[in-house]
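[1] The following block contains a protein sequence and its predicted model.
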Amino acid sequence: MIVIARFSFPHEAHIAKASLDSAGIESCIADEHTVNAQWLFSNAIGGVRLMVAEKDADEASQILNTDFSESLDNEINDEEGRDACPHCGSTDLSPYTKGKRPAFLVFILIGFPLFFYRHGYKCNQCGEFNEKL
């Protein structure tokens, strides 16, 4: 077995291991428990090591270095499928939490929040807040 990648945190190594497992490449994680027990030693011991058989090293490094971000479609091209502001009809919306600042201030002053805050969307055109779209 040879080291194919090093990670600062065990969860990163597990994500990479899952990618290799899905491609049929056997791998193992070394020093995971040492870093979990004392995470400050991660850099000193070389991090969490992902190891594969020497015969699979080239294929494994190719899989780990492949950028799959182009596979994701982050844009919604169909305007009918997009949410729109009920006030002005704009589709320029952003996630927004209403009442977060007063709750934070009360939390700082007395130790726990008394105000309930609401999650929703804020229209970037008219400024209107909507809980559900």
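    Cool, the structure landed. These numbers were taken from a predicted model, which means no experiment stands behind them. Residues are numbered from 1 along each chain as shown.
[2] What are the phi and psi values at the closest residue to Gly47 other than its chain neighbours?
    Nearest in space to Gly47, with sequence neighbours left out and distances taken as C-beta to C-beta, 6 or more residues apart in numbering, is Arg6 at 4.2 Å. For the C-beta atoms, the positions are set from N, CA and C on the backbone; glycine is no exception. Dihedral pair for Arg6: phi -130, psi 140, per degrees, to the nearest 10.
[3] For Arg6, name its beta-bridge partners.
    Listed by DSSP bridges, the beta-bridge partners for Arg6 are Arg49.
[4] tell me the mean pLDDT for stretch 122-133?
    Computed over stretch 122-133, the mean pLDDT rounds to 79.
[5] An error on my part: the question was meant for stretch 93-105.
    Rounded mean pLDDT across stretch 93-105 is 78.
[6] And Asp56, how far from Asn65?
    14 Å (C-beta to C-beta, to the nearest Å).
[7] now Glu26
    From Glu26 over to Asn65 the distance is 19 Å, taken as C-beta to C-beta.
[8] So which of the two has more stuff around it?
    Counted by other C-beta atoms under 10 Å, Glu26 and Asn65 do not tie: Glu26 has more neighbours, with 13 against 8.
[9] hang on, isn't Ser19 packed against Ser61?
    No: with contact defined as C-beta atoms under 8 Å, Ser19 does not count as touching Ser61 (11.5 Å).
[10] Among those two, which residue is more densely surrounded?
    Set side by side, Ser19 and Ser61 show more neighbours around Ser19, with 17 against 13, by other C-beta under 10 Å.
[11] which one is the more buried one nearest to, not counting chain neighbours?
    Counting by C-beta to C-beta, 6+ apart, the nearest residue to Ser19 once its immediate chain neighbours are dropped is Ile63, at 5.9 Å.
[12] same thing with Asn124?
    Nearest residue to Asn124, sequence neighbours excluded (C-beta to C-beta, 6+ apart): Asp92, at 4.4 Å.
[13] longest single helix anywhere in this structure?
    For the chain, the longest helix by residue count, based on DSSP state H, is helix 10-22.
[14] Give me the packing partners of that helix, helices and strands only.
    Packing partners of helix 10-22 (3 or more C-beta pairs under 8 Å, 6 or more residues apart in numbering; DSSP states H and E): strand 2-7, strand 27-30, helix 32-37, strand 48-52, helix 57-65.
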